[in-house]
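J.: Need a 3D model of the sequence below.
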Amino acid sequence: MAEKKQSKRLSKEDLERLKQIAKSLYIHEDITQQKVLAERVGVSKNTMCTWFKEHEHEWQRLKKNLILTREERMADLYDELTEIANAVKNMPQGERFAPHKLALVRRMIVKDISDLQVEAAIPEIVAALTGLVKFVRNEELEDARTIIKWADIYLKTLLK
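T.: Residues are numbered from 1 along each chain as shown. Sure thing, here's the model as predicted:
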């Protein structure tokens, strides 16, 4: 009789980190098979299936958005902030305060900029590691597998 493997229950934070790794692998390594992603990330196929149901459209959109560089997206966001600042400056003196809705939009744009600055590093690291694995795989498959193993461990530590 086969022994049933006991699994450790992961915290919400751990699951969110693993979901981010799955998203990066989906977007940057073009791993779209749920079974393969589940194995690479270290979650069950059921968990990966749930994540796909919740996020696949978002992940596909992000994959398409890779055409725009991070710098282009940042420039667009800074342009939007400049527009808001100019609108406030053009208000009559003594009334140069952003109305509530405009202030909320400004706050969201600032958060988006902050997220891009922090989160963009991981996809860039994934892209670099993917390039390294592809390069090594052409010469030595076993070394590429070792790099994948260590890259996965490294990415998991970055997402903690």
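J.: use CA for all of it now, contacts and neighbours both
T.: Fine.
J.: Run through the helices of this structure in chain order.
T.: With DSSP state H, the ranges of helices along the chain come out as 12-28, 34-41, 45-65, 70-89, 100-119, 121-139, 141-158.
J.: Show the pLDDT at residue 54.
T.: On pLDDT, residue 54 comes in at 91.
J.: which ones are touching it?
T.: Going by Cα atoms under 8 Å, 6 or more residues apart in numbering, residue 54 touches no other residue.
J.: Could you report the distance from it to residue 31?
T.: 17 Å (Cα to Cα, to the nearest Å).
J.: returning to that earlier point: just name the most buried of the helices of the chain.
T.: For those, the largest average neighbour count (mean count of other Cα atoms under 10 Å) is found in helix 12-28, namely a mean of 19.
J.: Could you tell me the model confidence score at residue 159?
T.: Looking at residue 159, its pLDDT reads 68.
J.: pLDDT below threshold where in the protein?
T.: The model of the chain has pLDDT under 70 over residues 1-8, 65-69, 118-120, 159-160.
J.: same thing but 90
T.: Where the chain drops to pLDDT under 90, the residues are 1-18, 20-32, 40-42, 52, 55-76, 111-131, 152-160.
J.: Against residue 102, how distant is residue 16?
T.: Applying Cα to Cα to residue 16 and residue 102 gives a distance of 31 Å.
J.: For residue 113, see how far away the residue lying closest to residue 96 once chain neighbours are set aside is.
T.: Distances taken as Cα to Cα, 6 or more residues apart in numbering place residue 88 nearest to residue 96, at 5.3 Å, with adjacent residues excluded. Remark: distance between residue 88 and residue 113 (Cα to Cα) = 20 Å.
J.: Ok, residue 61 next?
T.: Residue 61 is 19 Å from residue 113, by Cα to Cα.
J.: backbone phi and psi for residue 31, please?
T.: Backbone torsions of residue 31, given as degrees, to the nearest 10, read phi -90, psi 110.
J.: How about it, nearest residue that isn't a chain neighbour?
T.: Here the residue nearest residue 31, using Cα to Cα, 6+ apart, is residue 25, at 6.0 Å.
J.: OK, contacts around that neighbour?
T.: Applying Cα under 8 Å, 6+ apart, one finds that residue 25 lies in contact with 31, 37, 126.
J.: do the same with residue 63
T.: Counting by Cα under 8 Å, 6+ apart, residue 63 makes contact with 27-28.
J.: how near is it to residue 24?
T.: 9 Å.
J.: Likewise for residue 137?
T.: Distance, residue 137 to residue 24, by Cα to Cα: 20 Å.
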